[in-house]
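sequence plus the predicted model coming up.
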Amino acid sequence: MPSPTDYVELAARIKRWGVELGFQQVGVSATDLGADEAHLLNWLAAERHGEMDYMQRHGVKRSRPAELHDGTLRVISVRMDYDPPQARDAWEVLDDPSLAYVSRYALGRDYHKLLRARLQKLAERIAAETGPFGYRAFVDSAPVMEKALARNSGLGWIGKHTNLINHSAGSWFFLGELFTDLPLPVDAPASEHCGTCTRCIDVCPTQAIIAPNQLDARRCISYLTIELRGSIPVEFRRAIGNRIYGCDDCQLVCPWNKFAQKSAEPDFIARHGLDSATLVELFAWSEEEFLKNTEGSAIRRIGYECWLRNIAVALGNAPHSEEVVAALSTRKEHPSALVREHVLWALTPPASESNSSCG
């Protein structure tokens, strides 16, 4: 293993290797997340995690890296740009109620495997230099406080919308981590630069950002369309608009994203026309077509039933043309009670809606 003085050079090499592997930035942090743990516990106590029960089950393991992977001394954090090149402008899609809006990160291939494979290659490069060492790679796949660790490693600060922001690259990037037993020198944490700006809070369609750095997931469109498996509460359905998978509004208005770069990764290019597909077109997909067209995509994780549920809501928010009504009518007798409920709502004139919540 390297001598103490060699760890400084090793850290510099790790950062160079990371960039060579396609990451835009690499940083190193220690494992102390005490203040973030308190924030997490308060968030859980307020039940703002909704039905994401795994957040409660994992508890403080999320904020104590050494308990998640024994022997962890340092965390190597990486970031990779994902904003897909050549994709149709996000605001253009959001402004056209006939189109389906899919969060920018999910337009291309699933990022989990891609980043994990790159992290594995980075670990192998390190091992070739140091000999065998303890490590474990994570890409949104375990109880890891990735944004807090990335902040501590200098990759950016946590904005008021709770996403990580980099002063020269905005926020359109994925994060990944290598937990390691190497005593590498740590980087300085990033300082905050949101100032008095509240654009992300003001733009949120469902007012899910209830205060700076405080997100109520139960109100968040990303949670409602991706994590929630039951009925979408009626009170939020109109606000969802044409967003069928996730929501990017808080990032779209962030001034720091004027510095964001389009991704150079071919795998992140929009697939199957999802950057400009119509709601009617996607609602017509059979389950077989859904599985085929979402192969290797993060979208597949919600399943076909929730896919139809989400699009039904979006169709209910679109002008009730003959085409829209005909499309919805094809699912009125769908085997899923969840789908039928949302189709019926979509076919019901807004004036007759109840203000009560379903589910």
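Looks like it came in fine. Numbering: from 1, shown residues only.

name the helix or strand for the nearest residue to Leu228 once chain neighbours are set aside, please.
Sequence neighbours aside, Glu51 is the residue nearest to Leu228 in space, at 6.2 Å (criterion: C-beta to C-beta, 6 or more residues apart in numbering). Where you see a C-beta, it was placed from the backbone N, CA and C, and this is true even at glycine. For Glu51, there is no enclosing helix or strand under DSSP states H and E.

from Gly195, how far out is Glu51?
As defined by C-beta to C-beta, to the nearest Å, Glu51 lies at a distance of 35 Å from Gly195.

what of Leu40?
25 Å.

same check, this time on Glu305
Glu305 sits 43 Å away from Gly195 when distances are taken as C-beta to C-beta.

and Asp216, by the same measure?
Using C-beta to C-beta, Asp216 is found at 23 Å from Gly195.

between Glu305 and Gly195, which is the more surrounded one?
Under the neighbour definition other C-beta atoms under 10 Å, Glu305 and Gly195 were set side by side, and Glu305 has more, 17 against 8.

burial check on the spatially closest residue to Thr294 that is not a sequence neighbour, number of neighbours?
Excluding the flanking residues, the one nearest Thr294 by C-beta to C-beta, 6+ apart is Arg300, at 3.9 Å. Neighbourhood size, Arg300 [other C-beta under 10 Å]: 16.

same question for Ala12.
Ala12 has 11 neighbouring residues, counting by other C-beta under 10 Å.

and it, what helix or strand is that in?
Assigned by DSSP H and E, Ala12 belongs to helix 6-20.

I'd like the average pLDDT over that helix.
Averaged across helix 6-20, pLDDT comes to 97.

go ahead and name everything in contact with that helix.
Helix 6-20 is contacted from outside by 2, 25-28, 76, 78, 122, 125-126, 129-130, 182-185, using C-beta atoms under 8 Å, 6 or more residues apart in numbering.

need the max-distance pair from these.
Spatial extent of these (C-beta to C-beta) is set by the pair Pro2 and Gln25 at 22.7 Å.

the two: who's more crowded?
Counting neighbours by other C-beta under 10 Å for Pro2 and for Gln25 shows that Gln25 has the greater number, 21 against 15.

now the more buried one, nearest residue through space, not along the chain?
Arg79 (5.2 Å).

pretty sure that neighbour is in a helix, no?
No. Counting by DSSP: H, G, I helix; E, B strand; the rest coil, one finds Arg79 to be strand, located in no helix.

pLDDT at it, what is it?
On the pLDDT scale, Arg79 gets 98.

number of nearby residues for it?
Neighbour count for Arg79, taken as other C-beta under 10 Å: 26.

what pairs with it across the strands?
Gln25, Leu175 (DSSP bridges).

I'd say it and Phe173 touch.
Yes. Applying C-beta atoms under 8 Å as the test, Arg79 and Phe173 come out as touching, 4.4 Å apart.

let's check: the centremost residue of this structure is which one?
Centroid-nearest residue in the chain, with C-alpha atoms, centre = their mean: Tyr105, separated by 7.0 Å.

which residues touch it?
Tyr105 makes contact with 82, 111, 172, 174, 246, 298, according to C-beta under 8 Å, 6+ apart.

can you classify it as helix, strand or coil?
helix.

and the gap between it and Tyr304?
Separation of Tyr105 from Tyr304 (C-beta to C-beta): 21 Å.

what does Ile209 give?
According to C-beta to C-beta, Ile209 stands 31 Å off from Tyr304.

Ala148 now?
Using C-beta to C-beta, Ala148 is found at 35 Å from Tyr304.

ok, back up a step: quick one: residues contacting the residue nearest to Gln25.
Per C-beta under 8 Å, 6+ apart, neighbours of Arg79: 23-25, 150, 155-156, 164, 166, 169, 173-176.

ok, so of those, who is nearest Val324?
Nearest to Val324 among the contacts of Arg79, counting by C-beta to C-beta, is Phe174 at 34.7 Å.

what about the closest one, neighbour count?
Around Phe174 there are 22 other residues, counting by other C-beta under 10 Å.
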